[in-house]
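# All I have is the shape, not the residue letters:
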C-alpha cells in the first residue's frame, strides 16, 4: 500500500512563502502555464491596457475564481489585482502559452519546476495524469512489489539519513510518501 502525506502546516507555509516570492510577480507566467498544462484549465491574462500584467488560470467550469500562486481568488474581489495596482472590474483575456512567450521567454523547464511547487502546495487539485505525484506513486508501487519479491525493503534508519536496504520483517505495510520543500518526495516504509 502506498500512502501520501501532505505537507504539515509549517512546511506548507514555508513552501508557499518561497513560491510567492518567485511566482507572484516575477515568474507568474510560468506558474499559470504549469496550472494550465497540468490541470487543463483556461489560461488568462490580467490585462493592464494591452499588457499582460499577470497570468492566472481558471477552472473551465467556474469563471468567477482564478488561481495563481496565492491559490483560488475571486475575480470580483480586490485581492486578485491588488499586488499590481489594478482594481476591479478586471479585464481578463483568454490567452495561450505562446501569448506569454510573445512577451518574454517562458522556458519549458521553468514551467516544469513551477509544476512541482504547485503539486506540493495543492495536491488535491485535479492534476492530469501523469502528474509527478502519480509518477512517484506508480514507482513506489512497483518498488513495493520488488521488495516483496526479494524479501528486502528500503528504509531510512532515522529522518534525513541515507536510505538503506534491509531484510524484510514481514510486517511491512508498504511505503509512505511526503513532498519535500522543493516538490520532490521523501519516502519510507510503513510497518
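Yes, it's here. Please read all numbers here as calculations on a predicted model, not as lab measurements.

# Please verify my assumption that residue 1 contacts residue 191.
No. No contact is recorded between residue 1 and residue 191 when judged using CB atoms under 8 Å, the distance being 11.9 Å. In short, each C-beta sits where N, CA and C put it, glycine included.

# So for those two, which residues contact both of them?
Both residue 1 and residue 191 are in contact with residue 173, where contact means CB atoms under 8 Å, 6 or more residues apart in numbering.

# Now for residue 141: which residues touch it?
Going by CB under 8 Å, 6+ apart, residue 141 touches residue 2.

# May I ask which helix or strand encompasses it?
Here residue 141 sits within helix 132-150, counting by DSSP states H and E.

# Name the residues that touch the very next helix or strand once past that helix?
The first helix or strand that comes after helix 132-150 along the chain, using DSSP H and E, is strand 152-155. With CB under 8 Å, 6+ apart as the test, strand 152-155 has contacts from 143, 147, 163-169, 172, 187-189.

# Can you flag which of these belong to strands?
Among the contacts of strand 152-155, DSSP state E puts 164, 165, 166, 167, 187, 188, 189 in strands.

# quick one: the third one and residue 87, what's the gap?
Residue 166 sits 60 Å away from residue 87, going by CB to CB, to the nearest Å.

# Also the first one?
When distance is defined by CB to CB, residue 164 is 57 Å away from residue 87.

# Repeat that for residue 189.
Residue 189 is 53 Å from residue 87, where distance means CB to CB.

# now residue 3
Remark: distance between residue 3 and residue 87 (CB to CB) = 45 Å.

# who's more crowded, these two?
Legend: neighbour count by other CB atoms under 10 Å for residue 3 and residue 87, higher for residue 3 (13 against 10).

# Shouldn't that one be within a strand?
Yes. Assignment of residue 3 by DSSP: H, G, I helix; E, B strand; the rest coil places it within a strand.

# For it, which non-adjacent residue is spatially closest?
Spatial nearest neighbour of residue 3, excluding adjacent residues (CB to CB, 6 or more residues apart in numbering): residue 176 at 4.5 Å.

# Could I get the contacting residues of the one you found?
Under the criterion of CB under 8 Å, 6+ apart, the neighbours of residue 176 are 2, 3, 4, 5, 187, 188, 190.

# Could you tell me whether it really is in a helix?
No. Read with three-state DSSP, residue 176 is strand and lies in no helix.

# Show the model's pLDDT score for it.
Looking at residue 176, its pLDDT is 87.

# Residue 130 too?
Per-residue confidence (pLDDT) for residue 130: 83.

# With the one 5 residues further on instead?
Turning to residue 135, the model gives it a pLDDT of 87.
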